[in-house]
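Student: Sequence first, predicted coordinates after that:
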Amino acid sequence: MKFDILAKDAKSSARRGIINTDHGKIETPIFMPVGTVGSVKAVHQRELDEEIKAQIILGNTYHLYLRPKTDIIGAAGGLHKFMNWRKPILTDSGGYQVFSLTENRKLTEDGALFRSHIDGSKHLFTPEKVVDIQRIIGADIMMAFDECPPYPSDYSYARKSMGLTHRWLKRGVEHYKATEPLYGHNQAYFPIVQGSTYKDLRLKSAETIASFDCYGNAIGGLSVGEPAEMMYEMVELVNTVLPKDKPRYLMGVGTPVNILENIALGVDMFDCVMPTRNGRNGMLFTSEGIINIKNNKWKDVFLPIDAAANTFVDTYYSKAYLRHLFVAQERLGAQIASIHNLGFYLWLVNEAREKISDGSFSSWKDIMVKKLASRL
């Protein structure tokens, strides 16, 4: 995997780049739609590719391991072939899912013992096993296995958790280097910065993971309930340490405002379930602000959802029609809303790339942040 920086913003740390993988290029800053179980909810792969123009999507190690299971994915020739997706894929290691199973997991030095949320069966994830699972999945970018501490965490717990993540990382990197891809394409391995909201821990974690000299680096443990300003403070801090010549991935973030603010801090890659999850519930993100399409005010508005962003569905459907679908509880409504929101997110990061290149990113960002936070 190769990362080249093409342009930088003069008034912030924003940068435009390109990641080259064996499954194609990824222009950064980029938003990655979440396809947890090999499916971006309510969206066809054709729509992801041709209409939304996603350049990379996510899968999840924990969920894919439990269902359909690695033997099925391996027999299909990897996740790309199983789901018929020809572009890059990133897989989360499952650390966040294990974090969310507080009542059904036990952490040890060896790994994480947990019960399946599907059938209650017991499983053990070790750093080595998570590498092996991601080899079978065949993701272009594999994440290291980590522990994601909750917010708030006391200092003692956050420090202990970070130490475990670092020890797991050492084992994961060693196993990654000792194994080979299974399907003829290269796989990159990203470690994850942890440390909760403690500055000294975040700095130590950033220094530790940078020392492994992996293809890229991720920032985890944020967007778990902490105030947005605290998130920005932690990101700005660790980006003073993370290598400037490698892509930086902020995991699980976030709102359109979060994305623009973190681009300004030097982040290159983002993912979040918000576009599809909120879309299924009638919340639409637009270039002028947030819309609750179920509201009565849209019942006779026969205009596109967002003429400025001009996403794929704007060509076909009005606000009034989409509201009708939600009121009638038609499944097409959730599908249209999901496609629109994903298209908007991809439009937003594309605009950010263009503004970085032409030197107007910072002033444009300040205008957009005010609009994007408003409710229409």
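Tutor: Received, thanks.
Student: From here on, just use CA atoms for contacts and neighbour counts.
Tutor: Fine.
Student: For residue 273, which residues are in contact?
Tutor: By Cα atoms under 8 Å, 6 or more residues apart in numbering, the contact set of residue 273 is 33-34, 252.
Student: just curious, which of those is nearest to residue 302?
Tutor: residue 33 (28.5 Å; Cα to Cα).
Student: mind checking how far the closest one is from residue 328?
Tutor: 27 Å (Cα to Cα, to the nearest Å).
Student: cool, and residue 271?
Tutor: 31 Å.
Student: you'd agree residue 252 is up against residue 275?
Tutor: No - taking contacts as Cα atoms under 8 Å, residue 252 lies outside contact range of residue 275: 11.7 Å.
Student: In terms of neighbours, single out the busier of these two.
Tutor: Between residue 252 and residue 275, residue 275 has the larger neighbour count (other Cα atoms under 10 Å), namely 26 against 20.
Student: dump the residue contacts of that one.
Tutor: Contacts of residue 275 (Cα under 8 Å, 6+ apart): 284-285, 338, 341-342, 345.
Student: Take the residues you listed and keep only those in strands.
Tutor: Within the contacts of residue 275, residues falling in strands by DSSP state E are 284-285.
Student: Between the contacts of residue 275, which sits nearest residue 49?
Tutor: Using Cα to Cα, the contacts of residue 275 come closest to residue 49 at residue 342, 11.5 Å.
Student: And the closest one, how close does it get to residue 239?
Tutor: 27 Å.
Student: between the two, who's got more neighbours?
Tutor: Between residue 342 and residue 239, counted using other Cα under 10 Å, residue 342 has the larger neighbour count: 29 against 18.
Student: Just name whatever secondary elements the lowest-mean-pLDDT helix or strand in the chain is in contact with.
Tutor: Lowest on mean pLDDT, DSSP states H and E among the helices and strands of the chain sits helix 95-100, with a mean of 75. Here helix 95-100 touches no other helix or strand, going by 3 or more Cα pairs under 8 Å, 6 or more residues apart in numbering; DSSP states H and E.
Student: what's next to that helix, contact-wise?
Tutor: 62, 105, 112, 114, 145-150.
Student: This protein: helices as residue ranges?
Tutor: For the chain, the helices defined by DSSP state H occupy 45-46, 61-66, 70-76, 79-83, 95-100, 127-137, 155-178, 199-210, 228-238, 256-264, 274-280, 319-327, 331-358, 361-372.
Student: Dump the ones you listed into a markdown table; add distance to residue 216 as well.
Tutor: Formatted as a markdown table, the helices of the chain follow (distance: least, Cα to Cα, whole Å):
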| stretch | distance to residue 216 |
| --- | --- |
| helix 45-46 | 26 |
| helix 61-66 | 19 |
| helix 70-76 | 25 |
| helix 79-83 | 21 |
| helix 95-100 | 18 |
| helix 127-137 | 16 |
| helix 155-178 | 13 |
| helix 199-210 | 9 |
| helix 228-238 | 14 |
| helix 256-264 | 16 |
| helix 274-280 | 24 |
| helix 319-327 | 40 |
| helix 331-358 | 19 |
| helix 361-372 | 24 |
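Student: which one of those helices has the lowest average pLDDT?
Tutor: Per-stretch mean pLDDT for those is lowest at helix 95-100 (a mean of 75).
Student: That helix: which residues count as buried?
Tutor: Within helix 95-100, the residues that count as buried by 16 or more other Cα atoms under 10 Å are 95-99.
Student: can I get the residues you listed in CSV with distance to residue 213?
Tutor: Formatted as CSV, the buried residues of helix 95-100 follow (distance: Cα to Cα, whole Å):
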residue, distance to residue 213
95, 21
96, 23
97, 26
98, 26
99, 26
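Student: Can you tell me which of these is nearest residue 235?
Tutor: residue 96 (18.3 Å).
Student: can you tell me how far the closest one sits from residue 62?
Tutor: 9 Å.
Student: before we move on, what about residue 361?
Tutor: 37 Å.
Student: and what of residue 226?
Tutor: The value you get for residue 226 to residue 62, if Cα to Cα is used, is 25 Å.
Student: Compare those two and say which is more crowded by neighbours.
Tutor: Neighbours per residue (other Cα under 10 Å) separate residue 226 from residue 62, with residue 62 holding more: 24 against 15.
Student: show me the contacts for the more buried one.
Tutor: Residue 62 touches 93-94, 97, counting by Cα under 8 Å, 6+ apart.
Student: now those as JSON lines including distance to residue 243?
Tutor: Below are the contacts of residue 62 laid out as JSON lines (distance: Cα to Cα, whole Å):
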{"residue": "93", "distance to residue 243": "22"}
{"residue": "94", "distance to residue 243": "25"}
{"residue": "97", "distance to residue 243": "28"}
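Student: Would you map out the domains in this protein?
Tutor: Listed by automatic domain parsing, the domain ranges of the chain are 31-271, 279-372.
Student: Residue 5: which of these is closest?
Tutor: domain 31-271 (7.4 Å).
Student: So for stretch 286-300, first residue to last residue, what's the gap.
Tutor: For stretch 286-300, the first-to-last residue distance is 18 Å (Cα to Cα).
Student: before we move on, back to that, with the contacts of residue 275 in mind, which one is nearest to residue 87?
Tutor: Nearest to residue 87 among the contacts of residue 275, with distances taken as Cα to Cα, is residue 342, at 16.5 Å.
Student: Perfect, I'm done here.
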